[in-house]
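> Output the structure for:
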Amino acid sequence: MKIHELKIAFEYGAAKLRGEKLFEIRKNDRDFQVGDLVHYTLLPSGDEEKNGRVSLWERKAREVFANKRLYKIIYITDYAQQDGYVVFGEQEIKI
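The predicted structure is shown next:
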């Protein structure tokens, strides 16, 4: 079992926090395996990049992700993906 450190765009990370995004499509350059854990680092939102402002929601989201929220890979498929890409389903791990 590995722990993968991945970056995620703010909009997708926020959807993950709300429980709306339960999968990832990624280049399989890390040999993802079922049972591996994933920790995401949230990238800046468009608002932060444009004007340097960080909303309360974004501040809270960053805090939650920084507290080592982990996701366990529960399935992997490359069905209908570009060569070298996989889709993996994940489930949050309560720590």
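
> and the residue most central in space within the chain, bridged to which residues?
The residue lying closest to the centre of the chain (C-alpha atoms, centre = their mean) is residue 40, at 4.7 Å. Per DSSP bridges, the residues bridged to residue 40 are residue 6.

> For it, give me its contacts.
6-8, 13, 16, 65, 69, 71 (C-beta atoms under 8 Å, 6 or more residues apart in numbering). Quick note: C-beta positions are derived from backbone N, CA and C, even for glycine.

> which of these are buried?
Neighbour counting by 16 or more other C-beta atoms under 10 Å classes 8, 13, 16, 65, 69, 71 among these as buried.

> Show the model's pLDDT score for the residue nearest to the centre of the chain.
Looking at residue 40, its pLDDT stands at 90.

> Start at 624, not 1
Renumbered: residue one is now 624, and that last one reads residue 663.

> Quick check: the residue in the chain sticking out farthest from the centre vs residue 637, distance?
Most distant residue from the mean C-alpha position of the chain: residue 674, 24.5 Å away (C-alpha atoms, centre = their mean). In this view, residue 674 and residue 637 are 18 Å apart by C-beta to C-beta, to the nearest Å.

> tell me which element residue 682 is part of?
helix 679-689 (DSSP states H and E).

> In that helix, which residues are buried?
Neighbour counts using 16+ other C-beta under 10 Å place 681, 684-685, 688 of helix 679-689 among the buried residues.

> Using PDB, list the CA coordinates for it.
Listed next in PDB are the C-alpha coordinates belonging to helix 679-689 (Å, rounded to 0.1, in the frame of the first residue of the first chain):
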ATOM      1  CA  LEU A 679     -14.200  31.600   4.100                       C
ATOM      2  CA  TRP A 680     -15.300  28.400   2.300                       C
ATOM      3  CA  GLU A 681     -12.000  28.100   0.600                       C
ATOM      4  CA  ARG A 682     -10.100  28.800   3.800                       C
ATOM      5  CA  LYS A 683     -12.100  26.000   5.500                       C
ATOM      6  CA  ALA A 684     -11.600  23.600   2.600                       C
ATOM      7  CA  ARG A 685      -7.800  24.200   2.700                       C
ATOM      8  CA  GLU A 686      -7.800  23.500   6.500                       C
ATOM      9  CA  VAL A 687      -9.800  20.200   6.000                       C
ATOM     10  CA  PHE A 688      -7.400  19.000   3.300                       C
ATOM     11  CA  ALA A 689      -4.300  20.100   5.200                       C
END
